[in-house]
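# Provided below for reference: sequence and predicted model.
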Amino acid sequence: MKNVTVSVCPLPHFEGLNLPAYETAGSAGMDVRAALPEAEPMVLAPGARAMVPTGLSVAIPEGYEIQVRPRSGLAAKHGLTCLNTPGTIDSDYRGEIKVILINLGTEPFTIARGERIAQLVLAPVTQLGWAEVDTLDETRRGTGGFGSTGQ
Ligand SMILES: O=c1ccn([C@H]2C[C@H](O)[C@@H](COP(=O)(O)OP(=O)(O)OP(=O)(O)O)O2)c(=O)[nH]1
Ligand SMILES: [Mg+2]
């Protein structure tokens with residue numbers, strides 16, 4: 001399996017937490033933890049959203065991004081997901097990685113320090129270059145979309 005080294009700079013409030021790690025040999029994502037104050041768990045009411053700190057800043061090599069994705073267990077059991085999934089961490093971003101969580105469940109959800117709230121997936125990036133033209137080639141689909149092919 002391909003392995004790409006990413007520089008990680010833990011911030012002061014990360015102290016004592018474990019770096020994200022693959023839970024199994026074949027995992028695509030590393031679970032990331034909430035770097036909230038120990039004494040201040042965050043309570044997300046139904047319908048509420050919050051930016052949850054991870055205490056991590058990174059330098060991703062050019063040509064890659066990190067995607068911030070929900071954990072399916074939290075989604076299935078509690079309705080908790082990432083609002084902007086997949087969140088995009090750009091290779092030139094040096095700020096703290098934050099997770100935008102939303103509670104789509106029916107009960108308040110409490111996030112404690114160290115809880116694994118989302119997963120980080122490293123992905124290759126292909127940047128496009130525009131070729132501006134006056135007309136596009138014809139296809140069978142043409143301009144049909146949004147269900148134009150039927151059920
Ligand atoms: O879930 C996320 C999504 C983004 N970011 C950080 C890293 C990313 O590089 C930066 C910008 O994200 P994005 O491009 O999605 O947001 P924007 O609203 O377009 O902000 P900007 O104008 O700063 O690009 O915010 C996070 O920490 N977590
Ligand atoms: Mg942006």
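Looks like it arrived, so ask away. Ligands and ions are numbered 1, 2, ... in the order given.
# residue ranges of the helices in this protein, please?
Assigned by DSSP state H, the helices in the chain fall at 72-78.
# interface residues of it facing ligand 1?
Residues of the chain lying close to ligand 1 by C-beta under 6 Å from any ligand atom are V68, N84, G87, T88, I89, D90, Y93, I97, K98, I100. In short, each C-beta sits where N, CA and C put it, glycine included.
# ok, which pair from those residues is furthest apart?
Greatest spacing in those, by C-beta to C-beta: D90 and I100 (15.4 Å).
# so which of those two has more stuff around it?
I100 (16 against 11; other C-beta atoms under 10 Å).
# show me the contacts for the residue nearest to the more buried one when sequence neighbours are not counted.
With sequence-adjacent residues excluded and distances taken as C-beta to C-beta, 6 or more residues apart in numbering, I100 is closest to L83, at 4.6 Å. Residues in contact with L83 (C-beta atoms under 8 Å, 6 or more residues apart in numbering) are R49, I100, L101, I102.
# on that earlier part again, closest to ligand 1 among the residues of the chain next to ligand 1?
G87 (2.4 Å; C-beta to the nearest ligand atom).
# contact partners for the closest one?
Applying C-beta under 8 Å, 6+ apart to G87 gives the contacts Q67, V68, R69, V99, I100, A118.
# bridged to the residue nearest the centre of the chain, which residues?
The centroid of the chain falls nearest to V68 when counting by C-alpha atoms, centre = their mean (0.9 Å). As for beta bridges, V68 partners with G87, L120 under DSSP bridges.
# show me the contacts for it.
V68 touches 32, 82, 84-89, 97, 99, 118-120, counting by C-beta under 8 Å, 6+ apart.
# I appreciate the help and will end here.
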